[in-house]
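Peer 1: Sequence and predicted structure, then a few things I'm wondering about:
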Amino acid sequence: MEEKTLLLIAIIVIIIGLPLIAIGKNFVKEDERIMTVLEGTVTSAYTTKGVTIVSVMPKKPIPAVFFEKVNYTKGQDVKIEGKLHEYKNKIEFLGE
Amino acid sequence: MITALILGIIAGIFTGIVPGIHINLVAGVLIGISAWITASPLSIGTFIFSMGITHTFLDSLPSVFLGAPNDDTVLAVLPAHKYVLRGRGREAILLMTIGSLLCLIIAVIALPLLVKAFPFLYKSLSPSFPVLIPLIILFLIFREVSWRRLWGFAVFISSGIFGLIVLDTTINQPLFPMLTGLFGMSGLLLSLKQSIIPSQSKANYAFIERKEIMKAVGTGIIGGSAITLFPGMSPAHAALLVNSIAKLKDAGYLVLVGGINGVDFLASLVTLVTLSRARNGALEALSTFLKVNTTEMIYFAGIALFAGGIATILTLIFSRVFALMMNKVNYFAVSIGVISFIIVLCAVVSGFQGLIVMAVGTAIGMIAPLTGCSRSHAMGCLLVPVLTYLW
């Protein structure tokens, strides 16, 4: 195979790739950031088989945000399902 | 996003061309500094993915010209070295790039099929992994000729024990010194014996029959995709297994190795999406920044094609530079320079313990080329820990 044949295929592939990126971008959900910063006090820490597990008590309460009306009251013990999310450089919990 | 794509390609050039640097290392750094990164998750994902695709094309350059492979390209070293000794190193690069690009194109076309098939195949195969993987290892050892079987077994066991010890330590980035020692540094040290390298031609033609290309690409796409389902198994294993059936000549074999390497990264994204299993550090990093679903595969297919096309052109350009360099620069001095760079990098990344790991890895990594058995047995460093987990 000649080098120029390979070059031609590469150029065609680049040309096909660009519109595919543009179309595919519409299907990407950008808000699902998983990496964020957790600030608090370490209450316990131990390392086993190369894995370190640290329990962190957040310095400030983490707000849980719901995009619907929910009936929670102050002092109530709750178990909320959702995802950690970063908003304006602060952690918040998006309830689902 | 376009900036992230271009930066990813630039990073892929760096990790591909510089021996010892792997995308996992860059991805590890990204995670380390993630708190300070202000880019969007999509931009980070784009950066990591385009870097990975570009890397799979350009990492053939140090493997072929410097004899410094990584765990993916290790099996290309021997046939590629024959080409270098005949002054046809650039032709070896052309063959590997043909395989990488053609297999990548077919893998993109076959993406919907892979997305559908992987969960079913994994569900069917995974219960038999504790038996199937040792059988594959035994098959690869017993395909060696006579006493090389014994050496193959020795390399597998020693690298396996080595892997168990290294992965149980608290060394920073333990895979870096371990794999660099086993595959990169051992190859570089042995290449020092090769003080005279013949003048390299700037050939712009790869001598290979069309039928051989089709055979190598066809088997490459199957082998490269299927191997991603098996924990701990590398593209090098896929190349050995597939070639046991396909019986390709040297040129076809280089197309196959390039092809499997090209498919592996994209197919690994499919395993991440469909099975939630990251096969390498780069995709592990990507998954911490961005959740990729099947609908987002269209975007990453576009990235794969664009970065793959650009990487092909870059590989062809850089192979000319490498061929020219080999004619003008003292090969021994280049090898010493690369070895020194890797030692310094290892000390910076993994510290003194990392240097010890790399030294031990280098010693084990030299057994295979010195005894004539396949270097892929040194992948025991990952397979044995995986097997202990499976059992």
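Peer 2: That came through fine. Numbers count the residues shown, from 1 in each chain, chains lettered A, B, ... in the order given.
Peer 1: going forward, measure contacts between C-alpha atoms and count neighbours the same way
Peer 2: Will do.
Peer 1: buried ones in stretch A:56-64?
Peer 2: Buried positions in stretch A:56-64, judged by neighbour count with 16 or more other CA atoms under 10 Å in any protein chain shown: residue A:64.
Peer 1: Give me the contact list for that stretch.
Peer 2: By CA atoms under 8 Å, 6 or more residues apart in numbering or on different chains, the surrounding residues in contact with stretch A:56-64 are A:38-44, A:91-95.
Peer 1: Locate the residue of chain A found nearest chain B within the secondary structure: which element?
Peer 2: Evaluated by CA to the nearest CA, chain A has residue A:24 as its residue closest to chain B, separated by 3.8 Å. Residue A:24 belongs to helix A:3-25 when elements are defined using DSSP states H and E.
Peer 1: Where does pLDDT dip in the chain?
Peer 2: Just so you know, I chose chain A. Where chain A drops to pLDDT under 70, the residues are A:30-38, A:85-90, A:96.
Peer 1: that answer is for a different chain, and I need it for chain B
Peer 2: By pLDDT under 70, the weakly predicted segments of chain B are B:20, B:32, B:34-35, B:67-78, B:194-196.
Peer 1: ok, residue B:151 to residue B:387 distance?
Peer 2: Noted for residue B:151: a distance of 21 Å to residue B:387, by CA to CA, to the nearest Å.
Peer 1: so how far is stretch B:304-311 from its chain's centroid?
Peer 2: Computed by CA atoms, centre = their mean, to the nearest Å, the chain-centroid distance of stretch B:304-311 equals 17 Å.
Peer 1: How about that stretch and chain A, touching?
Peer 2: Yes - using CA under 8 Å from any CA of the partner chain, we find that stretch B:304-311 touches chain A at B:304-310.
Peer 1: With distance to residue B:179 and secondary structure added, can I get those residues in CSV?
Peer 2: Listed next are the residues of stretch B:304-311 next to chain A as CSV, based on distance: CA to CA, whole Å; DSSP: H, G, I helix; E, B strand; the rest coil:
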residue, distance to residue B:179, secondary structure
B:304, 26, helix
B:305, 29, helix
B:306, 29, helix
B:307, 26, helix
B:308, 25, helix
B:309, 28, helix
B:310, 28, helix
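Peer 1: Please identify which of residue B:151 and residue B:387 sits among more neighbours.
Peer 2: residue B:151 (21 against 18; other CA atoms under 10 Å in any protein chain shown).
Peer 1: Where does the stretch 201-350 of chain B get nearest to chain A, which residue?
Peer 2: Counting by CA to the nearest CA, the stretch 201-350 of chain B gets nearest chain A through residue B:299, at 3.8 Å.
Peer 1: How many residues are close by that residue?
Peer 2: By other CA under 10 Å, neighbour count at residue B:299 equals 23.
Peer 1: Verify the contact between it and residue A:17 for me.
Peer 2: No - counting by CA atoms under 8 Å, no contact exists between residue B:299 and residue A:17, whose distance comes to 9.1 Å.
Peer 1: Can you show me the helices along the stretch 51-200 of chain B?
Peer 2: Ranges of helices in the stretch 51-200 of chain B, per DSSP state H, counting those that start in this stretch, are B:60-61, B:77-85, B:89-109, B:111-125, B:129-142, B:148-167, B:175-179, B:186-191.
Peer 1: deepest of those helices, which one?
Peer 2: Stretch with highest mean neighbour count among the helices of the stretch 51-200 of chain B: helix B:60-61 (a mean of 30; mean count of other CA atoms under 10 Å in any protein chain shown).
Peer 1: Which residues does it contact?
Peer 2: Under CA under 8 Å, 6+ apart, the answer for helix B:60-61 is B:16-17, B:69, B:73, B:93, B:96, B:258, B:315, B:318-319, B:322.
Peer 1: Nearest residue to residue 47 in space, ignoring adjacent ones along the chain?
Peer 2: No chain specified, so I'll use chain A. Closest residue in space to residue A:47, ignoring its immediate chain neighbours: residue A:53 at 6.3 Å, by CA to CA, 6 or more residues apart in numbering or on different chains.
Peer 1: meant chain B actually
Peer 2: Per CA to CA, 6+ apart, closest to residue B:47 is residue B:8, 4.2 Å.
Peer 1: And for the one you found, the neighbour number?
Peer 2: Neighbour tally, residue B:8, other CA under 10 Å: 26.
Peer 1: which residues touch it?
Peer 2: Contacts of residue B:8 by CA under 8 Å, 6+ apart are B:46-51.
Peer 1: Tell me the secondary structure at the residue of the stretch 201-350 of chain B closest to chain A.
Peer 2: Following DSSP: H, G, I helix; E, B strand; the rest coil, the label given to residue B:299 is helix.
Peer 1: how many neighbours does the closest residue to it other than its chain neighbours have?
Peer 2: In space, and not counting its chain neighbours, residue B:299 is closest to residue A:24: 3.8 Å by CA to CA, 6+ apart. Applying other CA under 10 Å, we find 19 other residues in the vicinity of residue A:24.
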